[in-house]
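K.L.:
With the input below, show me the fold.
(2 chains)
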Amino acid sequence: MAGGSQRVYKARIKSTQSLKKMFRAQELIAASRIGKARARTAAAAPYAQAITRAVSAVATHTDIDHPLTREVEGAKRAAVLVVSSDRGMAGSYPASIVREAERLTQQLAAEGKEVLLYVAGRRAVSYYAFRGREAVRTWTYGSERPSAEVAEEIGQALLEKFLADEDEGGVSELHVVSTQFVNMVTQRPHVVRMLPLEVVEGVVEADEHEVLPLYDFEPSPEAVLDALLPRYVDQRIYAALLDAAASELAARQRAMHTATDNAEDLIRTYTRLANQARQADITQEISEIVSGADALAS
Amino acid sequence: MAELSVDLVSLDRKVWSGAATQVSAPSADGQIGILANHTPLLAVLRPGTIKVDTASGPAVEATVTGGFMSVDNNLVTLVVDEISLV
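P.N.:
Purely as a prediction, here's the structure:
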């Protein structure tokens, strides 16, 4: 009946409006948190700089031969750390990170390596749990706001595995799948092989002097390296987590913005339909009255 | 006299930075003191106390659980794990 459809449209408009409010709120929350996430990235920069400088200083002085930099021929096992988000509502963000991880897993499997999964972020955890693929360790840590402690915990677990003998379940490679924050519009899932470390490549030399000075090492170059490299790994993991957090928030903001726009479109469409239904109701009522009057008159 | 420029950083933030006349830190063999024009140095830090005698104002003291220190061209960078200022 015509009156019925009017009521249905009204209800639809109402529920879409309240959804729109929620989308808008999520969008604003994400937008305000991006600033904080990027501030945290900036706050972590001095540490990154200091440690990179120190590592490159050691690298230019001594021939680095450290378990963490040693290439293993014919590696049989590789660890993959997947950095995803705890919540959805971020468009394709969780899906694309998992897709990248799957691609890497297949590639490693094709190279004849057994893949051990380390998963951070509830979305990825549930993805693997649903498919019955066992992860060695999982972390759900509040992916929007990663703390240094979590990064250290992850780093420790991975280093332990890496330093263990391969016959005793250790791994000889560590890959990290995370999302790179390019800018507010572009976030790219990417893969980094973190271990064994390639220290010398990609280290930007301090620009003020061409040759780094001769360092004294206290107590010894090996001990310094022992202290430096695990921290270097922790720092890289922390940086990856921070980058992923900023990417997640940017993706969420964009997704929620699109959702708000779509809700507006829907509301507009339903309003038109409701108007049409009302008009049809009125027209029908008039014609009923007129035809009733005509029947009485004749 | 030349001054040291000191950066005290932990993983997630810069804890303190400024000019100093002397830095004392717990290195592997014992407390090590750095004055201006020290030879370049990379040192591992034990748990202990860092003391920075600032160029002006009171000294900054902090306890750390470990880390490392680099000295280069009067630039002292202390990279620490856990830190609490005293």
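K.L.:
do the helix or strand where B:F68 lies and chain A meet?
P.N.:
Assigned by DSSP states H and E, B:F68 belongs to strand B:67-72. Yes: Strand B:67-72 is in contact with chain A by CB under 8 Å from any CB of the partner chain, via B:67-68, B:70, B:72. Bear in mind the C-beta positions are built from the backbone N, C-alpha and C, glycine included.
K.L.:
quick one: contacts for A:L117?
P.N.:
When contacts are counted by CB atoms under 8 Å, 6 or more residues apart in numbering or on different chains, A:L117 touches A:79-80, A:82, A:105, A:128, A:133-136.
K.L.:
Now it: phi and psi?
P.N.:
When quoted as degrees, to the nearest 10, the phi and psi of A:L117 stand at phi -90, psi 130.
K.L.:
Kindly state the beta-bridge partners for A:Y118.
P.N.:
A:L81, A:R137 (DSSP bridges).
K.L.:
isn't it right up against A:S84?
P.N.:
No: judged on CB atoms under 8 Å, A:Y118 makes no contact with A:S84 at a distance of 11.5 Å.
K.L.:
Which one's more surrounded, the two?
P.N.:
A:S84 (29 against 22; other CB atoms under 10 Å in any protein chain shown).
K.L.:
for chain B, what are the nearby residues on chain A?
P.N.:
Counting by CB under 8 Å from any CB, chain A sits next to chain B at A:40, A:43-44, A:46-47, A:50-51, A:53-54, A:57-58, A:147-148, A:151-152, A:209, A:212-219, A:223-224, A:226-228, A:231, A:234-235, A:238.
K.L.:
out of those, which are inside helices?
P.N.:
Using DSSP state H, the subset of the residues of chain A next to chain B located in helices is A:40, A:43-44, A:46-47, A:50-51, A:53-54, A:57-58, A:148, A:151-152, A:223-224, A:226-228, A:231, A:234-235, A:238.
K.L.:
Report the angle between the next helix or strand after the strand holding B:F68 and strand B:67-72.
P.N.:
Sequence-wise, the next helix or strand downstream of strand B:67-72 (DSSP H and E) is strand B:75-80. Compare the direction of strand B:75-80 with that of strand B:67-72 by axes from the mean of the first three to the mean of the last three CA atoms, to 10 degrees and you get 170 degrees.
K.L.:
helices or strands up against strand B:75-80?
P.N.:
helix A:2-61, strand B:4-10, strand B:13-27, strand B:60-64, strand B:67-72 (3 or more CB pairs under 8 Å, 6 or more residues apart in numbering or on different chains; DSSP states H and E).
K.L.:
pLDDT below threshold where in chain B?
P.N.:
The model of chain B has pLDDT under 70 over residues B:1.
K.L.:
which residues touch whatever residue of the stretch 101-250 of chain A ends up closest to chain B?
P.N.:
As assessed by CB to the nearest CB, chain B sits closest to A:E218 within the stretch 101-250 of chain A, at 3.6 Å. Residues in contact with A:E218 (CB under 8 Å, 6+ apart) are A:224, B:27-29, B:32, B:41-44.
K.L.:
which residues does it bridge with?
P.N.:
Counting by DSSP bridges, A:E218 forms beta bridges with B:A43.
K.L.:
Measure how buried the one residue in chain B that gets nearest to chain A is and give me the count.
P.N.:
Distances between chain B and chain A by CB to the nearest CB are smallest at B:A43, namely 3.6 Å. Applying other CB under 10 Å, we find 26 residues neighbouring B:A43.
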